[in-house]
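Asks: Model the structure of this input:
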Amino acid sequence: MSNANKAYQLALCEIYHPVLHGHNETSSPPINNHFLVYTVIELEDFYNDAYLSERNHLRRYRKAIQILHGSLSETHPMIRNYNAVAKKYIRLEIIQADILLPGQEEVAYLKTFWLRIVQRRWKKIYKARKELLWARGEMMAILERQRTGKWPAHLRQWPLFKLFD
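Replies: Have a look, this model is predicted:
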């Protein structure tokens, strides 16, 4: 299946671990570096929060595995601090799913991080705009505007959205 043919989906994902998910001779070689799709969330399940029970089930399962096998951090082939990293990534993600060959594992390519980048950027722009409006409200700035018809030079540029400076 091609990545380009798949639409974006909401899903719960988890980082692959050989102890949790198994590994044999038919497993795809690059599987250690991927997120596995735990479950795809339909929009109606998202809106009525039905996916939260799935997320809690996954967390309980992970806790039970840790009790049985001890710390999973020592046994992951790529990630040294697997327990801390995996705990952070049990959350709802926007993904693009794909099937790895020859093992037929369904993996996820995370797309949510782009939203987080845009959110952080807008937060900075919003803060800069608030500061600019506050500075324009000061008496000296207002007097300059009345006298010349322009804001002071340092208050003329309105902060704009540019994803990458």
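Asks: When you work out contacts or count neighbours from here on, use the C-alpha atoms and nothing else.
Replies: Fine.
Asks: and residue 15, bridged to which residues?
Replies: For residue 15, the beta-bridge partners are residue 35 (DSSP bridges).
Asks: from what I can see it touches residue 86, true?
Replies: Yes - assessed by CA atoms under 8 Å, residue 15 is found in contact with residue 86 at 6.2 Å.
Asks: Which of these two has more residues huddled nearby?
Replies: Just comparing residue 15 and residue 86: by other CA atoms under 10 Å the higher neighbour count belongs to residue 15, 23 against 20.
Asks: pLDDT wise, what is the more buried one at?
Replies: We have a pLDDT of 81 for residue 15.
Asks: Can you give me the distance of it to residue 63?
Replies: Distance, residue 15 to residue 63, using CA to CA, to the nearest Å: 15 Å.
Asks: How much space separates the nearest residue to residue 106 once chain neighbours are set aside from residue 23?
Replies: Distances taken as CA to CA, 6 or more residues apart in numbering place residue 99 nearest to residue 106, at 4.6 Å, with adjacent residues excluded. Separation of residue 99 from residue 23 (CA to CA): 16 Å.
Asks: Residue 60 now?
Replies: Residue 60 is 22 Å from residue 23, by CA to CA.
Asks: cool, residue 125 as well?
Replies: 47 Å.
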